[in-house]
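Asks: fold the following for me, if possible:
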Amino acid sequence: MPEFAVQSLLRSPTVTIRDVYCLGSCRHQGAEEFATATELVFPYRGVYVRHLGQDQAVAEANQVLFFNATEGYRVSHPVSGGDASLSLAIRESQLLELAPPALLRDGAALAFRRQCLRIDARTQALMALLRHSLRQNIAEPLEAEGLALTLVQRALGPRTTHAAGATVGRQRLVDRAKLVLASDLARRWTLAEVAAEVRCSPVYLTQVFQQVEGQPLYRYQLRLRLARALDLLGQYDDLTALSLDLGFSSHSHFGAVFREVYGRSPSAFRQSALRR
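Replies: Predicted coordinates:
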């Protein structure tokens, strides 16, 4: 299997959608890469770090990343296991209609100011629905295009996203904590264990993570687990096995938090996304 693979899911005058897979063999920064078009990238499996000059962004399922056309970046994979993302390239004139001006740089070329934004649960669910329906070939192009535009609008909406704001030192601390959580989604981490991994006190980690991400550490971990569930629902006939593999105490616990976060049960989401 090649290190990097791309599967085209939809190509239309409005949007190009690709499923992108990487084995993640290189732990350190790789060679410089460039996006040929401005893209919104939704990681849904695994984790990697995108380096843009002195800035970095941890790419995982709670984020949308912005890849500006012709802007050089490097990628590292500090956590083994590879990664996968859904990439959307929206026609520039329509992306300008969808993107709030505050997110865009000044100038003639379309480019985002930030590397990433944290997305909400509904955006995660929309992305999973779009991906599954295209992979299963059950979405008509018109339906998929409409869903893609809704996804982008939701991902960029001021009420549904969170832009982390902190000093570089605090952001790097939070990034290390994210990598710890992503390294073993099924593990029932204690606060003391995560704090020991990132070499700070539990109190300080709790305060900084809440300040930077706008939500508690445990909630962030829960969203990572549930996003993985969205990815895997089509591969499990037994949802009890899925819930236990993801570290939930029981199927009922998994079902309750899934419904709380996404507004429907795991089986109902699978029915809507996979028609089964």
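Asks: need the residues that contact stretch 210-226.
Replies: 60-62, 118, 121, 124, 162, 164-166, 170-171, 174, 177-178, 181-182, 185-186, 189, 191, 194, 205-206, 209, 246-248, 257-258, 261-262 (C-beta atoms under 8 Å, 6 or more residues apart in numbering). Heads up, the C-betas are built off the backbone N, CA and C, glycines and all.
Asks: could you flag which of the residues you listed are buried?
Replies: By neighbour count, with 16 or more other C-beta atoms under 10 Å, these hold 60-62, 118, 121, 124, 162, 164, 170-171, 174, 177-178, 181-182, 185, 189, 194, 205-206, 209, 246-248, 257-258, 261-262 as buried.
Asks: ok now stretch 178-196, how far from the chain's centre?
Replies: 18 Å (C-alpha atoms, centre = their mean, to the nearest Å).
Asks: how about the secondary structure of the spatially closest residue to V208 that is not a sequence neighbour?
Replies: Excluding the flanking residues, the one nearest V208 by C-beta to C-beta, 6 or more residues apart in numbering is R170, at 5.0 Å. At R170 the chain is in helix, as set by DSSP: H, G, I helix; E, B strand; the rest coil.
Asks: can you tell me which residues contact R170?
Replies: 208, 211-212.
Asks: inside helices: which ones of the contacts of stretch 210-226?
Replies: 121, 124, 170-171, 174, 177-178, 181-182, 191, 194, 205-206, 209, 257-258, 261-262 (DSSP state H).
Asks: the strands in the stretch 101-250 of the chain, which residues?
Replies: 116-119, 161-162 (DSSP state E, counting those that start in this stretch).
Asks: pick out the shakiest of those, pLDDT-wise.
Replies: Ranked by mean pLDDT, the strands of the stretch 101-250 of the chain bottom out at strand 161-162, with a mean of 65.
Asks: done for today, thanks.
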